[in-house]
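Participant: Fold the following and give me the result.
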Amino acid sequence: MNPVTSTGLSSERCMELEAKYGTRNYQPIPVVIARGEGVWVWDLEDNKYLDCLAGYSALNQGYGHPRILEAARAQLDTGVALTSRAFFNTRLGELCEKITKLSGFDRALPMCSGAEAVETAIKISRKHAYTRRGIADGTAKIIAFENNFHGRTTTIVGFSSEMQYREHFGPFAPGFEVLPYGDANALRKAVDGRTAAVLIEPIQGEGGVIVPPAGYLAEVQAICRESGALLVLDEIQSGLGRTGKLFAYQHEEGVEPDMMLLAKALTGGMYPLSVVLGREEVMDVLDPGDHGSTYGGAPYGAAVAIAALDVLVEERLVENAARLGAVLLKELRAMGSPHVELVRGRGLWAGVVIKKSSGPAKAFVKKLAAEGILCKETHEQVLRISPPLVITRDELDWALARFAKVLAA
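Facilitator: Okay, here's the model as predicted:
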């Protein structure tokens with residue numbers, strides 16, 4: 001018997017149980033994913049789909065990559081999945097060495113979720129402002145940007161520009177200022193002697209795959225350097241190959257952030273792990289007891305992440321994202337759909353903006369699912385496309401034919 005179906009549950013029953021006992025903070029399309037391999041997933045009735053969401057970029061290495069599975073099993077076989085950070089373990093140091101050398105930063109701080117990494121960066125930025133720059137305690141501000149998405153904690157949604165993320169969840173923490181994304185002049189006017197950090201996504205994913213103007217990140221860095229503010233890049237969705245570079249900020253020459261946040265594809269979707277990377281002078285503001293995470297740095301997560309990073313580099317998935325991403329964007333733009341206003345993107349990451357006259361993007365999501373393509377809308381009118389980076393040209397062509405059919409209908 002297939003172990004996936006050994007429970008005897010149908011897709012309909014799985015959805016009924018979740019609807020009855022789960023909290024309705026998501027509204028999924030009616031597809032129950034039961035197993036996966038590479039870019040493909042199957043439901044309990046053995047219907048096959050090409051996943052063009054990839055766990056919001058967590059599954060860059062695809063489903064069930066054998067090297068990552070092998071590393072996960074090997075670590076579980078030791079019986080040690082978790083050790084408290086009160087002790088050392090055999091895998092964390094190895095992960096810290098690998099990710100710092102790969103990224104060019106000095107130090108790594110593992111946490112669990114992307115939101116937890118953002119919260120950690122906020123704490124580090126504030127302590128750095130107070131202890132290294134002489135800003136009066138309790139007065140520092142952090143600048144973020146409209147259409148940002150950095151997580152769901154109350155601190156983070158407090159500086160979101162999306163009303164639904166904020167409504168009925170206040171009061172919110174002070175100390176944040178939100179500016180237009182892509183407007184360097186607005187940033188220059190806003191940065192002052194109290195600015196601890198500028199927190200920014202090199203490409204805004206949840207905002208609709210919004211790519212800033214060329215040279216913008218370099219200008220942001222220059223403003224930060226002039227003022228002493230830290231440049232903190234949220235690469236939780238954009239990093240680890242998604243855009244055709246290892247990190248999205250590398251599309252601009254000369255950009256060197258003070259801190260960078262990674263999660264999602266760090267373990268290839270096998271374990272919740274995030275990391276804050278930074279320069280030594282920044283990260284060393286934390287003292288023992290200042291911050292922590294029960295599962296951050298667990299040997300199981302570290303072992304999985306080491307394998308996931310090796311897969312990304314050794315199997316040249318970044319290069320594949322650059323090569324096939326150019327095909328994806330070119331073909332989407334060439335479709336000439338009467339429903340499409342424009343196509344944004346970089347690498348294997350596209351945001352197809354649906355005209356309001358054609359209705360919400362969710363209707364297209366449902367039609368694509370019927371054709372065997374799984375993706376998701378964001379901000380009502382944007383169809384977001386981000387397949388695993390292991391996708392082949394034949395698989396991409398298969399997907400593009402179905403996008404063309406649905407977008408032309």
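Participant: Residue 142 against residue 123, yeah?
Facilitator: No. Between residue 142 and residue 123 there is no contact, the gap being 10.7 Å when judged by C-beta atoms under 8 Å. The way it works is simple: take the backbone N, C-alpha and C, and place the C-beta from them, glycine included.
Participant: higher neighbour count, these two?
Facilitator: In this view residue 142 and residue 123 are compared by other C-beta atoms under 10 Å, and residue 142 has more residues nearby, 22 against 15.
Participant: ok, the spatially most central residue of the chain - contacts?
Facilitator: By C-alpha atoms, centre = their mean, the chain has its centre lying nearest to residue 237, at 2.0 Å. With contact taken as C-beta atoms under 8 Å, 6 or more residues apart in numbering, residue 237 is in contact with 56-57, 201, 203, 205-206, 264.
Participant: residue ranges with poor pLDDT in the stretch 101-250 of the chain?
Facilitator: Counting by pLDDT under 70, the stretch 101-250 of the chain shows no low-confidence range.
Participant: meant to ask about the stretch 301-409 of the chain
Facilitator: In the stretch 301-409 of the chain (pLDDT under 70), no residue qualifies.
Participant: Just the contacts of residue 237: which are in helices?
Facilitator: 56-57 (DSSP state H).
Participant: now the contacts of residue 237 as CSV including neighbour count and distance to residue 378?
Facilitator: Shown next, in CSV, are the contacts of residue 237 (neighbours: other C-beta atoms under 10 Å; distance: C-beta to C-beta, whole Å):
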residue, neighbour count, distance to residue 378
56, 20, 10
57, 26, 13
201, 26, 13
203, 24, 13
205, 23, 8
206, 20, 6
264, 26, 16
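Participant: circling back to that earlier point, what touches both of residue 142 and residue 123?
Facilitator: Counting by C-beta under 8 Å, 6+ apart, nothing touches both residue 142 and residue 123.
Participant: Alpha carbons of the helix or strand containing residue 221, as CSV, please.
Facilitator: Using DSSP states H and E, residue 221 falls within helix 216-227. Extracted as CSV, the C-alpha positions of helix 216-227 are listed here (Å, rounded to 0.1, in the frame of the first residue of the first chain):
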residue,chain,number,x,y,z
TYR,A,216,18.2,51.9,-6.4
LEU,A,217,19.8,49.5,-3.9
ALA,A,218,23.2,51.1,-4.4
GLU,A,219,21.6,54.5,-3.6
VAL,A,220,20.0,53.1,-0.5
GLN,A,221,23.4,51.8,0.6
ALA,A,222,25.0,55.1,0.0
ILE,A,223,22.4,56.9,2.1
CYS,A,224,23.0,54.3,4.9
ARG,A,225,26.7,54.7,4.7
GLU,A,226,26.5,58.5,4.9
SER,A,227,24.2,58.4,8.0
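Participant: Pull the distance from the helix or strand just after it to the chain's centre.
Facilitator: Using DSSP H and E, the helix or strand that follows helix 216-227 in sequence is strand 230-234. Remark: strand 230-234 is offset 15 Å from the chain centroid, using C-alpha atoms, centre = their mean, to the nearest Å.
Participant: And stretch 71-78, by the same measure?
Facilitator: Offset of stretch 71-78 from its chain centre (C-alpha atoms, centre = their mean): 26 Å.
Participant: Enumerate the positions of it that are buried.
Facilitator: Applying a neighbour-count criterion of 16 or more other C-beta atoms under 10 Å, one finds 71-72, 75 buried in stretch 71-78.
Participant: Identify those among those that sit within helices.
Facilitator: Per DSSP H, the buried residues of stretch 71-78 map to helices at 71-72, 75.
Participant: a markdown table for those residues, including pLDDT and distance to residue 241?
Facilitator: Below are these laid out as a markdown table (pLDDT from 0 to 100; distance: C-beta to C-beta, whole Å):
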| residue | pLDDT | distance to residue 241 |
| --- | --- | --- |
| 71 | 98 | 18 |
| 72 | 98 | 20 |
| 75 | 98 | 23 |
